[in-house]
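> One predicted model, sequence on top.
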Amino acid sequence: MSSEKHPFGGIIPDNARAVLDGWVDGDAHYYPLLVQFEDTDAGGIVYHANYLSFAERGRSGWLRVIGVSQGDNLYEKKTGFVVRRASLEYLRPAKLGDEVVVQTRLKELGKARLVASQIITSAPDNETTGEKSTFGHIFANVEVEIVMVNEAGRPVRFDSDLIAKMTM
């Protein structure tokens with residue numbers, strides 16, 4: 001048996017795209033990240049506002065994985081996603097060097113808005129069990145409402161292609 005530790009408990013699929021943007025499994029998107037020095041305060045604890053940044057990275061990764069280009073929306077369609085409301089519950093502090101996984105699930109989808117539920121957890125410690133579905137403890141829960149807006153900042157409906165990708 002090798003003594004080499006596998007990052008993120010061995011849950012990362014064997015392709016580079018999953019490492020960069022995460023992956024979808026069932027109804028959830030999983031986005032791995034490593035807590036960096038810049039994410040922490042002077043005590044090595046993740047600064048509270050950075051949990052929102054982690055959630056944003058997870059949602060952006062989810063959109064890329066399902067084939068949605070925020071750049072195309074912004075520059076070609078002149079639309080963009082805007083956070084209307086965010087709720088954050090802190091449960092346990094993440095620390096410098098922690099392996100973290102942002103789990104994103106689409107909770108609600110309307111004509112011009114969506115609600116995403118996100119759980120920020122520690123990566124699983126699967127070195128002995130080999131199971132891929134067990135995640136560690138929860139650092140934070142995030143719920144975010146997002147609307148699609150045009151250049152003038154007015155809400156616009158999601159196009160049918162975008163809805164199809166988000167509900168696959």
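Right, received. Where do you want to start?

> could you pull out the helices for this protein?
Ranges of helices in the chain, per DSSP state H, are 16-21, 50-65, 70-75, 160-166.

> Mind telling me which residue is nearest the centre of the chain?
Centroid-nearest residue in the chain: residue 58, 1.8 Å away (criterion: Cα atoms, centre = their mean).

> residue contacts, that residue?
Taking Cβ atoms under 8 Å, 6 or more residues apart in numbering, we find residue 58 in contact with 22, 29, 31, 102, 103, 104, 118, 120. (Glycine included, C-beta is placed from N, CA and C.)

> Put the buried members of those residues into a ChimeraX selection.
To isolate the buried members of the contacts of residue 58 in ChimeraX, using 16 or more other Cβ atoms under 10 Å:
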select :22,29,31,102,103,104,118,120
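
> Would you format the contacts of residue 58 as CSV with pLDDT included?
Below are the contacts of residue 58 laid out as CSV (pLDDT from 0 to 100):
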residue, pLDDT
22, 91
29, 96
31, 95
102, 97
103, 96
104, 97
118, 98
120, 97
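
> Pull the number of nearby residues for residue 167.
Residues near residue 167, counting by other Cβ atoms under 10 Å, number 9.

> Need the nearest residue in space to it, chain neighbours excluded.
residue 109 (6.6 Å; Cβ to Cβ, 6 or more residues apart in numbering).

> pLDDT at the closest residue in space to residue 93 that isn't next to it in sequence, what is it?
Closest residue to residue 93 apart from its sequence neighbours, by Cβ to Cβ, 6+ apart: residue 45 at 4.7 Å. Reading off the confidence values, residue 45 has pLDDT 96.

> Could you do the one 10 residues further on as well?
The model reports residue 55 with a pLDDT of 98.

> What residues does it make contact with?
Contacts for residue 55 (Cβ under 8 Å, 6+ apart) come out as 86, 102, 104, 118, 120, 142, 144.

> change it to 6 Å
Going by Cβ atoms under 6 Å, 6 or more residues apart in numbering, residue 55 touches 118, 142.

> so where's this structure shaky on pLDDT?
Applying pLDDT under 70 to the chain flags the ranges 1-8, 12-18, 126-134.

> Okay, buried residues for stretch 113-129 please.
Under the neighbour-count criterion of 16+ other Cβ under 10 Å, stretch 113-129 has 113-124, 126 buried.

> got it, and stretch 46-60?
The neighbour-count check on stretch 46-60 (16+ other Cβ under 10 Å) flags 46, 50, 51, 52, 54, 55, 56, 58, 59, 60 as buried.

> swap in stretch 87-95?
Residues 88, 93, 94 are the ones in stretch 87-95 that count as buried (16+ other Cβ under 10 Å).
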